[in-house]
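Enquirer: Need coordinates for the below:
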Amino acid sequence: MEQTLEIIGTLVGLLYLWLEYRASIYLWIAGIIMPAIYIFVYYNAGLYADFGINIYYLGAAIYGWMMWKYGAFLHRTILKRKIPDMENQQQELPITCMPSRYLLPLIAIFAVTLAGIAWLLINFTDSNDPWLDSFTTALSIVGMWMLARKYVEQWWAWIVVDVVCCGLYIYKELYFTSALYGLYSIIAIFGYFKWKKLMKKEADL
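Expert: Numbers count the residues shown, from 1 in each chain. Next up is the predicted model:
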């Protein structure tokens with residue numbers, strides 16, 4: 001049963017990756033289905049931080065959908081620019097670079113989250129990889145928020161997460177999931193440049 005769920009999760013993950021690469025808002029539908037599956041996979045594998053983050057992913061997927069769908073209003077307010085006919089239509093949030101003012105707060109959130117999750121895993125679970133598990137979980141939390149805000153730099157967070165997860169899941173003998181994250185790490189590099197082109201194209205419109 002666990003292997004069947006892992007295979008299904010892998011297939012949904014591939015769909016998610018393709019939609020994310022294309023910057024399609026429908027990635028959030030896959031973003032709801034995939035964590036629902038992996039909640040069971042990670043719990044059975046003893047990866048409790050990954051189990052917990054998938055609960056977070058469910059909420060983040062709803063937030064991401066709303067931000068991508070209606071976030072152009074917020075984006076317009078921040079940039080103090082007018083978008084033609086904005087009052088008469090809903091426009092998706094554009095791809096942008098992350099404002100530099102967010103860098104230090106995100107680093108602080110990552111560090112605090114990493115330490116907090118590691119402490120919980122070490123003291124209250126039988127996790128045998130508390131620090132790697134905590135590292136990928138904390139960075140994923142940051143990366144998911146960046147994705148929900150449609151910042152192009154979110155790809156760099158996922159590149160690091162994917163490479164680390166690929167090795168971790170091989171160790172855990174979750175080979176389908178490891179293969180998925182290996183593919184993620186390659187596609188994430190291409191995804192960054194794809195989003196850069198899309199961002200330039202949107203800015204020229």
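Enquirer: show me where pLDDT drops low in this protein?
Expert: Across the chain, the ranges flagged by pLDDT under 70 are 1-2, 49, 72-91, 205.
Enquirer: Count the neighbours of L58 for me.
Expert: By other Cβ atoms under 10 Å, the residues close to L58 number 15. In short, each C-beta sits where N, CA and C put it, glycine included.
Enquirer: Would you mind confirming that it is in contact with I33?
Expert: No - under the criterion of Cβ atoms under 8 Å, L58 makes no contact with I33, lying 9.8 Å away.
Enquirer: quick one: the residue positioned nearest the centre of the chain from Y63, how far?
Expert: In the chain, the C-alpha nearest the mean C-alpha coordinate belongs to M144, at 3.6 Å (Cα atoms, centre = their mean). Relative to Y63, M144 is positioned 9 Å away (Cβ to Cβ, to the nearest Å).
Enquirer: Over to F190?
Expert: From F190 across to Y63, the span is 26 Å (Cβ to Cβ).
Enquirer: Same check on T177?
Expert: From T177 to Y63 the distance is 25 Å (Cβ to Cβ).
Enquirer: again, but for W119
Expert: Taking Cβ to Cβ as the measure, W119 and Y63 are separated by 26 Å.
Enquirer: and the next element down the chain from the stretch of helix or strand L19 belongs to?
Expert: Using DSSP states H and E, L19 sits in helix 2-21. Moving toward the C-terminus from helix 2-21, the first helix or strand encountered (DSSP H and E) is helix 27-45.
Enquirer: the inter-axis angle of that next one versus helix 2-21?
Expert: Per axes from the mean of the first three to the mean of the last three Cα atoms, to 10 degrees, the angle that helix 27-45 makes with helix 2-21 is 150 degrees.
Enquirer: quick one: contacts for the closest residue to I187 other than its chain neighbours?
Expert: Excluding its sequence neighbours, the residue lying closest to I187 (Cβ to Cβ, 6 or more residues apart in numbering) is L17, at 5.8 Å. The neighbourhood of L17, defined by Cβ atoms under 8 Å, 6 or more residues apart in numbering, consists of L183, Y184, I187.
Enquirer: quick one: which of F190 and Y63 has more around it?
Expert: Y63 (14 against 11).
Enquirer: just checking, that one touches A148?
Expert: Yes - using Cβ under 8 Å, Y63 is in contact with A148, at 5.4 Å.
Enquirer: The residue lying closest to I32 once chain neighbours are set aside: neighbour count?
Expert: Excluding the flanking residues, the one nearest I32 by Cβ to Cβ, 6+ apart is A61, at 4.7 Å. Using other Cβ under 10 Å, A61 has 24 neighbouring residues.
Enquirer: which other residues reach the host helix or strand of A61?
Expert: Per DSSP H and E, A61 falls inside helix 48-70. Identification of contacts with helix 48-70 by Cβ under 8 Å, 6+ apart yields 25, 28, 31-32, 34-36, 38-39, 42-43, 74, 90, 92-93, 117, 121, 125, 127, 130, 133-134, 136-137, 140-141, 144-145, 147-150.
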